[in-house]
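J.: The amino acid sequence is not available; the structure is as follows:
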């Protein structure tokens, strides 16, 4: 999903537009806003202070490492593998580290999915309120007369 972010002079994220791809693209045309083509699932408005935008490729990265979560995970796996190959880590230590990283990745994605679900519910509620304010009845009317006929050739259902 595309988002746009507003950065201050120190490249801190101080504004986010994540309503839709089109809205993000339009917002990014305004001064100070940057378009992020593929936002990271681990990014959320609640933790935006932990992130910045890397100038070289406009990717969301953690301030602490300057890397995306995928880059962090790949780097950690590389370090663990090198440690194991050099005899510094046992198989069990590597397995435990990979398990911990996988759990964190799953938690990040679950948190993101819950945020998306919550936003979807909010959009649905706002749409229903807008429809009501405009006099639109969003609930379809149930048919009053339904008949069905089953034959050996198939079934026929009619509704009025």
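T.: Good, I have the coordinates. Model, not experiment: these values are computed from the prediction.

J.: which stretch of helix or strand covers residue 5?
T.: Assigned by DSSP states H and E, residue 5 falls within strand 3-7.

J.: Verify the stated contact: residue 48 with residue 13.
T.: Yes: counting by C-beta atoms under 8 Å, residue 48 touches residue 13, with 4.5 Å between them. Every C-beta, even on glycine, is put in place using the N, C-alpha and C of the backbone.

J.: who has more neighbours, those two?
T.: More crowded of residue 48 and residue 13, by other C-beta atoms under 10 Å: residue 13, with 21 against 16.

J.: Let me know the secondary structure of the residue nearest in space to the middle of the chain.
T.: Most central in the chain under C-alpha atoms, centre = their mean is residue 41, positioned 4.2 Å from the mean C-alpha point. Three-state call for residue 41 (DSSP: H, G, I helix; E, B strand; the rest coil): coil.

J.: Give me the common contacts of residue 48 and residue 13.
T.: Overlap of the contact sets of residue 48 and residue 13 (by C-beta atoms under 8 Å, 6 or more residues apart in numbering) consists of residue 5.

J.: Show me what the strand holding residue 5 is packed up against.
T.: strand 13-17, helix 21-27, strand 33-36, strand 51-54 (3 or more C-beta pairs under 8 Å, 6 or more residues apart in numbering; DSSP states H and E).

J.: Could you chop this protein up by domain?
T.: 3-62, 69-133 (automatic domain parsing).

J.: Tabulate those (CSV), appending mean pLDDT.
T.: Putting the domains of the chain into CSV (pLDDT from 0 to 100) gives the following:
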stretch, mean pLDDT
domain 3-62, 90
domain 69-133, 75
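
J.: Pick the most buried one from the ones you listed.
T.: The highest mean neighbour count among the domains of the chain, using mean count of other C-beta atoms under 10 Å, belongs to domain 3-62: a mean of 16.
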